[in-house]
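[1] Just the structure for this:
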Amino acid sequence: MSLWVKETSFYKTFFRLTLMIALQNIITLGVNLSDNLLLGGYSESALSGVALANQIQFILQMLVMGAAEGLVILSSRSWGAKNMESVKKAASIGMRIALLVSVVMWIVVLLLPEGCMSLFTNEERVIQEGAQYLRIICFSYVFFAVTSTLLASLRSVEIVKIGFIVSLSTLIINVCLNYVLIYGHFGFPRIGVSGSATATLTARIIETCIVIVFIKRFDRRLMLKLKDFYRVDRELFRQYLRIGSPILMANALWACAMAAQSAILGHMGEAAIAANSVATTVFQLVTVISYALASATAIMIGKTIGEGHVSKIKTYSKTMQLLYVLIGLGTGLVLFITKSYVTGLYAISDESKTLAVHFMTVLSITVVGTAYQMPALTGIVRSGGDTKFVLYNDFIFMWLVVLPASALCAFVFHFSPLITFICLKCDQILKCFVAIVKVNRFKWIRMFNNEGKAADV
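    Down below sits the predicted model:
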């Protein structure tokens, strides 16, 4: 079996999807990066507070993405089979789940902002800054869920440019309003973290409006109508639950694990919080290409199965794995080279800067593992139909290995934040060995009947 696909159309489609999704992800993360940079020049407590408050946004993001990923798997198969009605029905199911999650989180955060922050740190100044941010930003959760679900529906039928346009508009609006409201330029009041939250909320509302206008006026492929969201196909809903519920559970466990990681470092002092905020934000920016690869993979594998071309998938997956490794090495090198320059952009203490450089050095190594195992497992294996494997794998590595070991490092043995951070990120390398075996055994290729029951191919 050849390691490289010989079809030119494969590479054109793969890199086109990857590029557009990566650009969208880069700009989306640029919103968080702009918040961090501008607040980093405002005060370290504000930076740390918003960084921890955004862990709640990350939980929401992972849950909404879980709903969207189930939608993409079902819809891309239907797109391959040219069944547009099923695509619309899947969009309706995904939207309902995303809205439910976002409304619940909005209510909890609105009522208990200080309580939510106290889960991550015991630093009183950080808690107050974060709670101030949460009281405003929680109103953006529903808008975020609507936009993300609509963009996922469009992405499943290979409409990706609108995602880039939406993300770019969000970035521009957010940066401009951050500059005006955080520091009080052009006659506006200087309101710090409240200004940052207001800027992001405004940008989220506008991006939702842009997507809705695009679907209503310009889309000629998916053509979603409001009435499409009133309908629920019970058979498709059962199929969605079989495919999507493991993804939603895996994302929920992963989001909670990331929050637990921040909580562990958050109880090791304000310097560790600030350093983790800087390192993690830059790491996310560098690895957006890996997440884009996973999304592009899910679309292409799902569509190929829907078209009935199962024989092509093995060659596709081998080529994709080689691309993941090459891109991972490139991203690791970029992160290592830029680490010192990036930390110089932040107005944080020398202790925090030194620790951030050390954290980013660790991440420049683990990012290579992330670039391979994450798209291999969440892109290839999930879209092939084996959605439960990632759930089990993440649960074992994160909740039975990484978090217990890291908690012991931090609170029992009292190791340094750097040693604890290494322990927190070790799973990104360990999962690679599992991914190599799982993907190349090819037992993840599943076909689903009308009842949503899977069968190996």
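
[2] is it true that Thr281 touches Leu29?
    Yes - applying CB atoms under 8 Å as the test, Thr281 and Leu29 come out as touching, 7.4 Å apart. Any C-beta I mention is one placed from the backbone N, CA and C, and that applies to glycine too.

[3] Burial check on Lys12, number of neighbours?
    Using other CB atoms under 10 Å, Lys12 has 10 other residues around it.

[4] which element is it on?
    When secondary structure is defined using DSSP states H and E, the element that contains Lys12 is helix 8-40.

[5] Which is the succeeding secondary structure element to that helix?
    Counting by DSSP H and E, the next helix or strand C-terminal to helix 8-40 is helix 44-80.

[6] Report the next helix or strand after that next one in sequence order.
    On the C-terminal side of helix 44-80, the closest following helix or strand by DSSP H and E is helix 84-111.

[7] could you say what helices and strands that next one packs with?
    Packed against helix 84-111 by the contact rule (3 or more CB pairs under 8 Å, 6 or more residues apart in numbering; DSSP states H and E) you find helix 44-80, helix 141-156, helix 234-266.

[8] Mind putting the ones you listed into JSON lines with mean neighbour count and mean pLDDT?
    Formatted as JSON lines, these follow (neighbours: other CB atoms under 10 Å; pLDDT from 0 to 100):
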{"stretch": "helix 44-80", "mean neighbour count": "25", "mean pLDDT": "80"}
{"stretch": "helix 141-156", "mean neighbour count": "24", "mean pLDDT": "90"}
{"stretch": "helix 234-266", "mean neighbour count": "20", "mean pLDDT": "81"}
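
[9] can you tell me which of the ones you listed comes nearest to Phe442?
    Set against Phe442 and scored by CB to CB, these come closest in helix 44-80, at 17.7 Å.

[10] related to what we said a few turns ago, how about the helices and strands packed on helix 84-111, which one is nearest Lys318?
    Each of the helices and strands packed on helix 84-111 was scored for nearness to Lys318 using CB to CB, and the closest is helix 44-80 (20.4 Å).

[11] can you give me the offset of the closest one from its chain's centre?
    Relative to its parent chain, helix 44-80 has a centroid offset of 5 Å by CA atoms, centre = their mean, to the nearest Å.

[12] Show me the helices in the stretch 351-457 of the chain, by range?
    382-384, 388-394, 403-407, 417-425, 427-441 (DSSP state H, counting those that start in this stretch).

[13] Measure how the last one sits relative to helix 234-266, angle-wise.
    Just to be clear, that refers to helix 427-441. Relative orientation of helix 427-441 versus helix 234-266 (axes from the mean of the first three to the mean of the last three CA atoms, to 10 degrees): 150 degrees.

[14] Dump helix 427-441 to CSV, restricted to CA.
    Below are the C-alpha coordinates for helix 427-441, written out as CSV (Å, rounded to 0.1, in the frame of the first residue of the first chain):
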residue,chain,number,x,y,z
ASP,A,427,0.1,12.9,27.7
GLN,A,428,0.6,14.7,24.4
ILE,A,429,3.6,12.4,23.8
LEU,A,430,2.3,9.3,25.4
LYS,A,431,-0.9,9.3,23.3
CYS,A,432,1.1,9.1,20.1
PHE,A,433,2.0,5.5,20.7
VAL,A,434,-1.7,4.7,21.1
ALA,A,435,-2.6,6.6,18.0
ILE,A,436,0.0,4.8,15.8
VAL,A,437,-1.4,1.4,16.7
LYS,A,438,-5.1,2.4,16.6
VAL,A,439,-5.1,4.3,13.3
ASN,A,440,-3.0,1.7,11.4
ARG,A,441,-5.1,-1.3,12.4
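
[15] any idea how far that helix is from the chain center?
    The gap between the average C-alpha position of helix 427-441 and the chain average comes to 20 Å, counting by CA atoms, centre = their mean.

[16] Trp106: which of the helices of the stretch 351-457 of the chain is closest?
    If you check each of these against Trp106 by CB to CB, helix 388-394 wins as the nearest, at 25.9 Å.

[17] Residues touching that closest one, excluding its own?
    With contacts defined as CB atoms under 8 Å, 6 or more residues apart in numbering, helix 388-394 is touched by 246-247, 249-250, 253-254, 257, 377-378, 381-382, 431, 434, 438, 444.

[18] I figured Leu52 hits Thr121, correct?
    Yes - taking CB under 8 Å as the contact criterion, Leu52 and Thr121 are neighbours in contact, 6.0 Å apart.

[19] Give me the common contacts of these two.
    Contact with both Leu52 and Thr121 is made by residues Gly266, Ile273, according to CB under 8 Å, 6+ apart.

[20] Could you check how far Asn122 is from Asn54?
    Separation of Asn122 from Asn54 (CB to CB, to the nearest Å) stands at 19 Å.

[21] Check Leu134 too.
    From Leu134 to Asn54 the distance is 10 Å (CB to CB).

[22] go on, Arg96?
    Distance of Arg96 to Asn54, given as CB to CB: 26 Å.

[23] same question, Val157
    According to CB to CB, Val157 stands 31 Å off from Asn54.

[24] Tell me where the model's unsure across the chain.
    Residues of the chain meeting the criterion pLDDT under 70: 1-2, 30-45, 347, 447-457.

[25] Now for Leu168: which residues touch it?
    With contacts defined as CB under 8 Å, 6+ apart, Leu168 is in contact with Ile27.

[26] Please, which helix or strand holds it?
    When elements are defined using DSSP H and E, Leu168 is found to belong to helix 161-183.

[27] can I get the CA coordinates of that helix in PDB?
    What follows is the C-alpha trace of helix 161-183 in PDB, where atoms were taken according to Å, rounded to 0.1, in the frame of the first residue of the first chain:
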ATOM      1  CA  LYS A 161     -14.600  31.000   3.600                       C
ATOM      2  CA  ILE A 162     -17.400  32.600   5.600                       C
ATOM      3  CA  GLY A 163     -15.700  31.300   8.800                       C
ATOM      4  CA  PHE A 164     -12.600  33.200   7.900                       C
ATOM      5  CA  ILE A 165     -14.500  36.400   7.200                       C
ATOM      6  CA  VAL A 166     -16.500  36.100  10.500                       C
ATOM      7  CA  SER A 167     -13.400  35.500  12.600                       C
ATOM      8  CA  LEU A 168     -11.600  38.400  10.900                       C
ATOM      9  CA  SER A 169     -14.400  40.800  11.700                       C
ATOM     10  CA  THR A 170     -14.500  39.600  15.300                       C
ATOM     11  CA  LEU A 171     -10.800  40.200  15.700                       C
ATOM     12  CA  ILE A 172     -10.800  43.700  14.200                       C
ATOM     13  CA  ILE A 173     -13.800  44.800  16.300                       C
ATOM     14  CA  ASN A 174     -12.500  43.200  19.500                       C
ATOM     15  CA  VAL A 175      -9.000  44.700  19.200                       C
ATOM     16  CA  CYS A 176     -10.300  48.200  18.500                       C
ATOM     17  CA  LEU A 177     -12.800  48.100  21.300                       C
ATOM     18  CA  ASN A 178     -10.300  46.600  23.700                       C
ATOM     19  CA  TYR A 179      -7.900  49.500  23.000                       C
ATOM     20  CA  VAL A 180     -10.600  52.000  23.600                       C
ATOM     21  CA  LEU A 181     -12.300  50.500  26.600                       C
ATOM     22  CA  ILE A 182      -9.500  49.000  28.600                       C
ATOM     23  CA  TYR A 183      -7.400  52.100  28.600                       C
END
